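Undergrad: output the structure for:
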Amino acid sequence: MKRMFPHALNFLAAALILSAPVASAAPGVTDDEILFGQSAAFEGPAAELGKGMNLGIRAAFAEANRAGGVKGRKLRVVQYDDGYEPDRAMEQTRKLINKDKVFALIGGVGTPTSKAVQPIASAAGVPYIGPFTGAEFLRYPHKPWVINVRGSYYQETEAWIAHLTEDLGIKRIAILYQDDSFGRAGLAGVNRALRKRNMELIAEGTYRRNTTAVKTSLLHIRKYKPEAVVMVGAYKPIAAFVKYAKSLKMNPVFVNISFVGSQALASELGPLGEGVVVTQVVPFPWDKSVPLVADYHAALKALDPEAEAGFVSLEGYLVGRLTVAALNKIEGEITRKGLIDAVATAGMFDLGGVALSYGPKDNQGMDTVFLTVLQADGTFRAVSRLVRQSASER
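TA: Numbers count the residues shown, from 1 in each chain. Got it, this is the predicted structure:
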C-alpha cells in the first residue's frame, strides 16, 4: 500500500469538506429578507376580505421594516387571488410553497379554502398563520403547524344565542348560511348553543358560495315568523337577504358572523343596515385608547394615507404583529419549526393592550367576542349588550 504524504491528506480532507452537505437556510429566508405567501380572495364577492387582510399584514410588516426588520431581514408578502374557491386555493398554495419557496403562509381567507390548503401546508411543514376563519377543524384536533389569532365560530355563535336569549328574550331563531364547510361550521355552533338552552332553530335557509341567490331561502324563512335571523355568510349575499327582507316588511334582529366583512356589508346596505348586529373578534378599530389600535392607525397611514381603518385590516395587522413578535423570539437561525416553537413556548404575547395566549396544545391566541351594531350612517357602535329596537328603527 502506498503511503499518503501530509499534503495529499490535506487535499483529500478539503475535498471531503467541500463535497459534504451544507445546512441551508429555511426556504424563504435570505440574508436580507423573509418571504411570506398569501392565497386569498382578491376578486369576486369576498374580495374585500382578502384585500383587508393583506392591507393589515403589509402595514405591520412595513412598520417592522422601518425599525430594521427582524434580525436584519425585511419582511415581504407575495399574494395570489384564489377567488374564495378551494381548487384555486390549492393551486396557489402549491405555487407559493414549491415555486416561490415562501417561509410561511399568512392571512388566508375562508373556511372552505383553509380546509383545502391547510393539509398541504402542514404536510410540507409550512406554518399556516392567522387564517381569517374561526372554523373548529383548525383548532381541534390540535394542528401544530397552524397559528390562529381570532376566536372560534363556536365562541361567536355562543355569544349570539346568549345575547339574543338573555338580553332580548328571543325564542324564535332562524338561520341563513352558506352551503359549504364555512356555513355548516356556523350552523354547528348555533345548534350547539341552542341545545345548551333546550332550544332549536325554527327554520334554515342556504345559498351557494360566490352567489347572491338568497330569495328562495328568504321566502322559506319568512313563513316561520322568526324574531331573529342569524347569518353565516359573506357580505354580498347577506346584504341581498337583508334588503329583500326589509322590502317585504320582515324585521327580525339580523345577527352576522365576523367573517361577513363589516365595512363591506355596511357599504352594501347603506341606511337599510341600521340595527344589524355583527360579532367581532378584534377590538373596536377606532378606539385609539388601546395602544395596539393607535399603532395600527399610524402604520396604516404610513403605508397608505388614503386607507380606511376597519375590522378586517385590523385583524390582518394583528396577524402581522404576532408574526413579527414570534420571529423575534426565535433563538438562533430562523426556521419554520423555530417559529412554531416560539409561539407555543412564549405563552403570552402582549401587543399593546391586546394579549394573545398560546401553549403546546393551544394554537388560538384570542377568545374574546365583541358586539357591534350598524348605524344608519354606515358606522358601527360597540355595545356590551343588545337592546330591543322599535320596528321603525329596524
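
Undergrad: make it CA atoms for all contacts and neighbour counts henceforth
TA: OK.

Undergrad: the closest residue to Gly134 other than its chain neighbours: how many residues sit nearby?
TA: Take Gly134 and drop its neighbours on the chain: the residue closest to it by CA to CA, 6 or more residues apart in numbering is Ser152, 3.9 Å away. Neighbours of Ser152 under the rule other CA atoms under 10 Å: 26.

Undergrad: pretty sure Ser152 contacts Phe137?
TA: No - Ser152 is beyond contact range of Phe137, at 9.9 Å (criterion: CA atoms under 8 Å).

Undergrad: quick one: common contacting residues for the two?
TA: Counting by CA atoms under 8 Å, 6 or more residues apart in numbering, Ser152 and Phe137 have no common neighbour.

Undergrad: ranges for the strands of the stretch 151-300 of the chain?
TA: Counting by DSSP state E, counting those that start in this stretch, one finds strands in the stretch 151-300 of the chain at the ranges 173-178, 203-207, 228-232, 253-256, 277-280.

Undergrad: likewise for the stretch 1-150 of the chain?
TA: Listed in chain order, the strands of the stretch 1-150 of the chain (DSSP E, counting those that start in this stretch) span 33-40, 74-81, 104-106, 128-129, 146-147.

Undergrad: turn these into TSV, including distance to Val278, mean pLDDT and mean neighbour count.
TA: Listed next are the strands of the stretch 1-150 of the chain as TSV, based on distance: least, CA to CA, whole Å; pLDDT from 0 to 100; neighbours: other CA atoms under 10 Å:
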stretch	distance to Val278	mean pLDDT	mean neighbour count
strand 33-40	22	98	25
strand 74-81	26	98	20
strand 104-106	25	98	27
strand 128-129	24	98	26
strand 146-147	24	98	24
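
Undergrad: output these in CSV, with distance to Ser247 appended to each entry.
TA: Output for those, formatted as CSV (distance: least, CA to CA, whole Å):
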stretch, distance to Ser247
strand 33-40, 34
strand 74-81, 35
strand 104-106, 40
strand 128-129, 41
strand 146-147, 43
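
Undergrad: give me the number of residues near Phe259?
TA: Neighbours around Phe259, by other CA under 10 Å: 26.

Undergrad: which residues does it contact?
TA: Neighbouring residues of Phe259 by CA under 8 Å, 6+ apart: 110, 132-133, 232-234.

Undergrad: so which of these is the most crowded?
TA: Of the contacts of Phe259, with other CA under 10 Å as the count, Ala234 tops at 30 neighbours.

Undergrad: what's near enough to touch that one?
TA: Ala234 neighbours (CA under 8 Å, 6+ apart): 45-46, 259-261.

Undergrad: 6 Å instead?
TA: Applying CA atoms under 6 Å, 6 or more residues apart in numbering, we find Ala234 in contact with Val260.

Undergrad: just want the most central residue of this protein.
TA: Phe132 (1.6 Å; CA atoms, centre = their mean).

Undergrad: leaving out sequence neighbours, find the closest residue to that one.
TA: Nearest residue to Phe132 in three dimensions, chain neighbours excluded: Val109, at 4.7 Å (CA to CA, 6+ apart).

Undergrad: distance of that neighbour from Gly52?
TA: Applying CA to CA, to the nearest Å, the value for Val109 to Gly52 is 10 Å.

Undergrad: overlap in contacts, the two.
TA: Joint contacts of Val109 and Gly52 (CA under 6 Å, 6+ apart) do not exist.

Undergrad: pull out the buried positions in stretch 141-154.
TA: Counting neighbours by 16 or more other CA atoms under 10 Å, one finds that the buried residues in stretch 141-154 are 143-154.

Undergrad: same question for stretch 274-292.
TA: Buried-residue list, stretch 274-292, by 16+ other CA under 10 Å: 274-286, 290, 292.

Undergrad: no further queries at this time; thank you.
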